[in-house]
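Requesting a structural model of the entry that follows:
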Amino acid sequence: MTLRTVGWSDRHLAQMIASEAVVIGLLGAVPGAVVGLLIGLQLGVPAFPVLLAGATSIIGGLLVSLLAALVPLARLSTLTTPAVLAEE
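Sure, this is the predicted structure:
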């Protein structure tokens, strides 16, 4: 909420929260998919199912992180700056 005091609008804050969710989701999902891909190929699993599973896990990771960001996004408009700063 400190960013709101320096002029950030709710729209800017929502974009920042969503962007952070996407980055966090990608940072978790992509390395996991790559490791799964490498292990699957080393074990002799055909490439297409492994690639499909990797793509599904990346999409799932992004969806989970975006769903988790809905809570802060929903509370964004209800929090006032003085109330948030008084709690700190």
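
So for the helix or strand where residue 73 lies, mean pLDDT?
Secondary structure from DSSP states H and E places residue 73 in helix 47-76. The pLDDT scores in helix 47-76 average 92.

distance between that helix and the chain's centre?
Its chain's C-alpha centre and that of helix 47-76 lie 7 Å apart, by C-alpha atoms, centre = their mean, to the nearest Å.

what separates the most centrally placed residue in the chain from residue 65, distance-wise?
Among the residues of the chain, the one closest to the centroid is residue 21, at 2.4 Å (C-alpha atoms, centre = their mean). Counting by C-beta to C-beta, to the nearest Å, the gap between residue 21 and residue 65 amounts to 4 Å. Any C-beta I mention is one placed from the backbone N, CA and C, and that applies to glycine too.

go on, residue 43?
Separation of residue 43 from residue 65 (C-beta to C-beta) stands at 28 Å.

Likewise for residue 28?
As judged by C-beta to C-beta, residue 28 and residue 65 stand 7 Å apart.

between these two, who's got more neighbours?
Of the pair residue 28 and residue 65, residue 65 is the one with more neighbours under other C-beta atoms under 10 Å, namely 20 against 16.

Find the nearest non-adjacent residue to that one, please.
Using C-beta to C-beta, 6 or more residues apart in numbering and skipping the chain neighbours, the partner closest in space to residue 65 is residue 25 (3.2 Å).

Now do the helix or strand harbouring that neighbour and helix 47-76, the angle between them.
Counting by DSSP H and E, the element that carries residue 25 is helix 10-42. With axes from the mean of the first three to the mean of the last three C-alpha atoms, to 10 degrees as the basis, helix 10-42 and helix 47-76 are set at 160 degrees to each other.
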